[in-house]
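>>> Could you work out the structure for the sequence below:
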Amino acid sequence: GYIGAQISNTSEMTFDGINDYFNAGNISSLNFERTDAFSISAWVERVGSGTTQFIFSKATNSSPYTGYSIYINPSNQIASNINISYPSNHLSVNGNTTLNTSWNHVCVTYDGSSNATGIKLYLNGSEETTSSTGQTSITGTLSNSHPVNIGARNSSDLFFNGQGVEVKSWTKD
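Sure thing, here's the model as predicted:
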């Protein structure tokens with residue numbers, strides 16, 4: 001359920017950057033492996049800046065943070081990571097365009113290659129030039145039983161500050 005002050009309608013949530021987030025539970029169909037292709041997209045309007053703010057996360061609550069996410073980095077750019085074991089076995093990429101404070105469409109696609117080059121970031125329909133801060137490739141299992149969180153990495157940190165609408169995830173069957 002939603003942990004926070006309000007849901008303004010059936011598809012938009014306001015996050016305060018302090019402790020609001022949506023815990024969707026452990027959705028087994030989103031337990032992707034590193035060899036599965038998937039995409040995540042959302043419309044977001046950020047308010048805060050200069051901190052890491054998670055938009056979507058399906059990862060363990062503590063080290064090694066096994067799972068995947070899309071977030072805004074401290075430079076206010078879109079970013080994504082796929083962690084088998086952080087920091088020694090993970091893919092992490094950052095975009096190069098600063099998100100404005102109006103509505104932005106953000107998207108990450110991953111081709112299942114287990115390589116950083118398989119992660120693509122899109123901002124408002126344009127592919128971002130990315131830089132990698134993790135390994136070039138990973139091995140191991142990505143699947144975990146932790147909940148999908150919208151607006152936070154987990155129940156205790158990296159909360160999103162702004163509004164989120166239509167967070168969606170797809171996989172190739």
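
>>> contacts, neighbours, all on C-alpha from now
Noted.

>>> Quick check, central residue of this structure?
The central residue of the chain, meaning the one whose C-alpha is nearest the mean C-alpha position (CA atoms, centre = their mean), is Ile70 at 1.8 Å.

>>> Does it touch Gln77 like I think?
No. Between Ile70 and Gln77 there is no contact under CA atoms under 8 Å: 10.7 Å.

>>> Count the residues that sit near the closest residue to Thr171 other than its chain neighbours.
Taking CA to CA, 6 or more residues apart in numbering as the measure, Thr171 lies nearest to Phe38, with 4.2 Å between them; neighbours along the chain are not counted. Residues lying near Phe38 (other CA atoms under 10 Å) number 20.

>>> now do Ser88
The local packing of Ser88 (other CA under 10 Å) involves 12 other residues.

>>> Ok, the one 5 residues further on next?
Summarising burial for Val93: neighbours were counted as other CA under 10 Å, giving 23.

>>> quick one: it and Gly164, what's the gap?
If you measure Val93 against Gly164 using CA to CA, to the nearest Å, the figure is 22 Å.

>>> If I look at Ile7, what pLDDT would I see?
At Ile7 the predicted local distance difference test score is 42.

>>> ok, the nearest residue to Thr52 once chain neighbours are set aside - contacts?
Using CA to CA, 6+ apart and skipping the chain neighbours, the partner closest in space to Thr52 is Asn73 (4.5 Å). Under the criterion of CA atoms under 8 Å, 6 or more residues apart in numbering, the neighbours of Asn73 are Gly50, Thr51, Thr52, Gln53, Ala79, Asn94.

>>> give me every residue that touches the nearest residue to the last one once chain neighbours are set aside.
This means Asn94. When the adjacent residues along the chain are set aside, Asn94 lies closest to Ala79, with 4.3 Å between them (CA to CA, 6+ apart). Counting by CA under 8 Å, 6+ apart, Ala79 makes contact with Ile70, Tyr71, Ile72, Asn73, Ser92, Val93, Asn94, Gly95, Leu121.

>>> mind putting those residues in JSON lines, secondary structure, distance to Glu33 and pLDDT included?
JSON lines is the format used below for those (DSSP: H, G, I helix; E, B strand; the rest coil; distance: CA to CA, whole Å; pLDDT from 0 to 100):
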{"residue": "Ile70", "secondary structure": "strand", "distance to Glu33": "16", "pLDDT": "96"}
{"residue": "Tyr71", "secondary structure": "strand", "distance to Glu33": "20", "pLDDT": "96"}
{"residue": "Ile72", "secondary structure": "strand", "distance to Glu33": "23", "pLDDT": "96"}
{"residue": "Asn73", "secondary structure": "coil", "distance to Glu33": "24", "pLDDT": "96"}
{"residue": "Ser92", "secondary structure": "strand", "distance to Glu33": "16", "pLDDT": "97"}
{"residue": "Val93", "secondary structure": "strand", "distance to Glu33": "18", "pLDDT": "98"}
{"residue": "Asn94", "secondary structure": "strand", "distance to Glu33": "21", "pLDDT": "98"}
{"residue": "Gly95", "secondary structure": "strand", "distance to Glu33": "23", "pLDDT": "98"}
{"residue": "Leu121", "secondary structure": "strand", "distance to Glu33": "19", "pLDDT": "98"}
